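[1] Fold the following and give me the result.
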Amino acid sequence: MKPLISVVLITYNRPNYLKECIDSILSQTFKQFELFILDNGSDCSTKDIINQFSDKRIKYIRNKINSKSFINKGFEFTKNKYLIITHDDDIMKNNFLDIQLGYLENDLTIDVAASSISLINNEGKKLNKTRPRILKNKSWNKYEFINYYIFFGDIIPCPTCIFRSNFIKSNKLKFDENVGPAADLHLLFRINCMDSKIFLNKTPLYNYRIHSNQDSNINRINMEYEIKPHIIKLLNNKQLFSTSQKYVNASNGIIMNIILNEFISGKIHFNLVKNNLNRLINEGFKINFITVYWTLIGVMRGLKNLLIR
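    Residues are numbered from 1 along each chain as shown. As a prediction, the model looks like this:
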């Protein structure tokens, strides 16, 4: 039976997690897929793990040297109707493809379908945290996700995004290599500036691994700083100047939200608060409804965390 979807798995020197990740893909209740494993210059242990599998749906492609541009090779595998580019240390629940492709097959207006995620630690233990925390399925047409982000700050988990291949080809989609680690969020902002529809399933169908050396809150702050100039440029090029300013206010507010939450909770020192406040002021921080809104939420979250310790 002809494959319906190309599953692209980008990997680089993660032998401890790769087998479990591949197992989760091959265990999908939906069977009509091809699995393209793109090895971004790993050592020989990666190929040894892949050689343990005899499934004919697996295609292995190795880059000779590690390259940040290699991830965009994933967008070349559009011969099947759908495409997903996923992480080598995460785990798909066995009904992930079945459910998400069901939404795409039943609603032809959806161009990108994603799902919420459950966070797991190094050992694969669930952390009882779901991202984003939404009460019902969401969908956004042109510009709607950007406006939603300004007041909710939710990030669509890009490793769960299933794209229609025709949508990728007609819009020549790929990650902007100049954006850095937040290139996936930048891509979703760009998609939302097109005539498109993004769908998000509230049910977490994907286990996303948080490593012990990662601080998800500090990572989020760094991401906001890194992606901000690129989103400003994107929105200004679309002449969405008012939306661009609202986004800047939201991004600054989100940073203050996290910093104050972490400080009040006793997780960071005041110097980090002061350094970030000085940086925001130097970058044109303004007190307005959006920044106050996000700052107050951070204070309330910090107080809540302090009380339940």
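
[2] residue ranges of the strands in the stretch 1-150 of the chain, please?
    5-11, 33-40, 58-63, 82-87, 91-92, 112-120, 126-131, 138-140 (DSSP state E, counting those that start in this stretch).

[3] Out of those strands, which is closest to L303?
    Taking CB to CB, strand 126-131 is the member of the strands of the stretch 1-150 of the chain nearest to L303, at 19.7 Å. Any C-beta I mention is one placed from the backbone N, CA and C, and that applies to glycine too.

[4] Including mean neighbour count and distance to L173, could the strands of the stretch 1-150 of the chain go into a markdown table?
    Shown next, in a markdown table, are those (neighbours: other CB atoms under 10 Å; distance: least, CB to CB, whole Å):
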| stretch | mean neighbour count | distance to L173 |
| --- | --- | --- |
| strand 5-11 | 23 | 13 |
| strand 33-40 | 22 | 17 |
| strand 58-63 | 15 | 20 |
| strand 82-87 | 23 | 10 |
| strand 91-92 | 22 | 22 |
| strand 112-120 | 22 | 10 |
| strand 126-131 | 13 | 23 |
| strand 138-140 | 19 | 17 |
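
[5] Could you identify the longest helix within the chain?
    Identified as the longest helix of the chain according to DSSP state H is helix 241-264.

[6] Show the average pLDDT along that helix.
    Here helix 241-264 scores 94 as its mean pLDDT.

[7] From the chain's centroid, how far away is that helix?
    The chain centroid and the centroid of helix 241-264 are separated by 19 Å under CA atoms, centre = their mean, to the nearest Å.

[8] Please identify the buried residues of that helix?
    Across helix 241-264, burial judged by 16 or more other CB atoms under 10 Å covers 243-264.

[9] angle of the longest strand seen in the chain against strand 82-87?
    Secondary structure of the chain per DSSP state E: the longest strand is strand 198-209. If you take axes from the mean of the first three to the mean of the last three CA atoms, to 10 degrees, strand 198-209 sits at 30 degrees to strand 82-87.

[10] Heading C-terminal from strand 198-209, find the next helix or strand.
    The helix or strand immediately downstream of strand 198-209 is helix 216-237, counting by DSSP states H and E.

[11] what does that following helix contact?
    With CB atoms under 8 Å, 6 or more residues apart in numbering as the test, helix 216-237 has contacts from 119, 146, 176, 178-182, 185-186, 189-190, 193, 210, 241, 243-244, 247-248, 251, 254-255, 258-259, 261-262, 276, 279.

[12] again, only using 7 Å
    Residues from elsewhere that reach helix 216-237 (CB atoms under 7 Å, 6 or more residues apart in numbering): 176, 179-182, 185-186, 189-190, 193, 210, 243-244, 247-248, 251, 254-255, 258, 262.

[13] Show the end-to-end separation of stretch 53-70, please.
    Terminal residues of stretch 53-70 are spaced 24 Å apart (CA to CA, to the nearest Å).

[14] I258 and R220: what is the separation?
    Distance of I258 to R220, given as CB to CB, to the nearest Å: 6 Å.

[15] Also Y149?
    Here the criterion is CB to CB. By it, Y149 lies 13 Å from R220.

[16] Those two: which has the busier surroundings?
    More crowded of Y149 and R220, by other CB atoms under 10 Å: Y149, with 23 against 16.

[17] Not counting sequence-adjacent ones, nearest residue to that one?
    In space, and not counting its chain neighbours, Y149 is closest to A250: 6.9 Å by CB to CB, 6 or more residues apart in numbering.

[18] pretty sure the one you found contacts I150?
    Yes - if you go by CB atoms under 7 Å, A250 and I150 touch, sitting 4.2 Å apart.

[19] anything in contact with each of these two?
    I290.

[20] ok, so what distance separates S54 from T46?
    Using CB to CB, S54 is found at 17 Å from T46.

[21] out of these two, which sits in the busier spot?
    Using other CB under 10 Å as the criterion, S54 and T46 rank with T46 on top: 22 against 6.

[22] gap between the residue lying closest to that one once chain neighbours are set aside and I65?
    Leaving out its chain neighbours, the residue that sits closest to T46 by CB to CB, 6+ apart is D39, at 5.5 Å. Separation of D39 from I65 (CB to CB) stands at 11 Å.

[23] repeat for R279
    Distance, R279 to I65, using CB to CB: 35 Å.

[24] Ok, Y143 next?
    Distance from Y143 to I65, counting by CB to CB: 40 Å.

[25] likewise D43?
    Using CB to CB, one gets 12 Å for the distance from D43 to I65.
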